[in-house]
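> sequence first, predicted coordinates after that:
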Amino acid sequence: MPSIDLTPEQLRFAEARVAEGRYGSVAEVVAAAFGVLERQQAALEAFRAKLEEAEADVAAGRVHELEEVMAEMDALLAAGERRGVA
């Protein structure tokens, strides 16, 4: 396994987690940190993909004004109230 250098603060943090019994070794703390980083990276990539999709929708005109959506929702709620659904 390759070795890595931790700052004194990082090493103290990792050793404290081991001392608390949350991890069995400093290596486990580092592995957990990489797991968090990997999940964060995956979430960021998913967000960027959704953002690109949204930008494509805007460019293609597939958008609705908030006021238009709210008016439609109000109409649907009013219709449901008249039928006794709400």
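Everything's here; your move.
> where does the protein dip in pLDDT?
1, 85-86 (pLDDT under 70).
> select the longest helix from it.
With secondary structure taken from DSSP state H, the chain has its longest helix at helix 26-59.
> would you mark the buried spots in that helix?
Within helix 26-59, the residues that qualify as buried are 26, 29, counting by 16 or more other CB atoms under 10 Å. Glycine gets a C-beta too; all of them are placed from N, C-alpha and C.
> same for that helix, what does it pack against?
helix 8-19 (3 or more CB pairs under 8 Å, 6 or more residues apart in numbering; DSSP states H and E).
> beyond the longest helix of the chain, next helix or strand please.
Using DSSP states H and E, the helix or strand that follows helix 26-59 in sequence is helix 66-82.
> what is that following helix packed up against?
By 3+ CB pairs under 8 Å, 6+ apart, helix 66-82 packs against no helix or strand.
> how far is the longest helix of the chain from where the chain is centred?
In terms of CA atoms, centre = their mean, to the nearest Å, the centre of helix 26-59 is found 7 Å from the chain centre.
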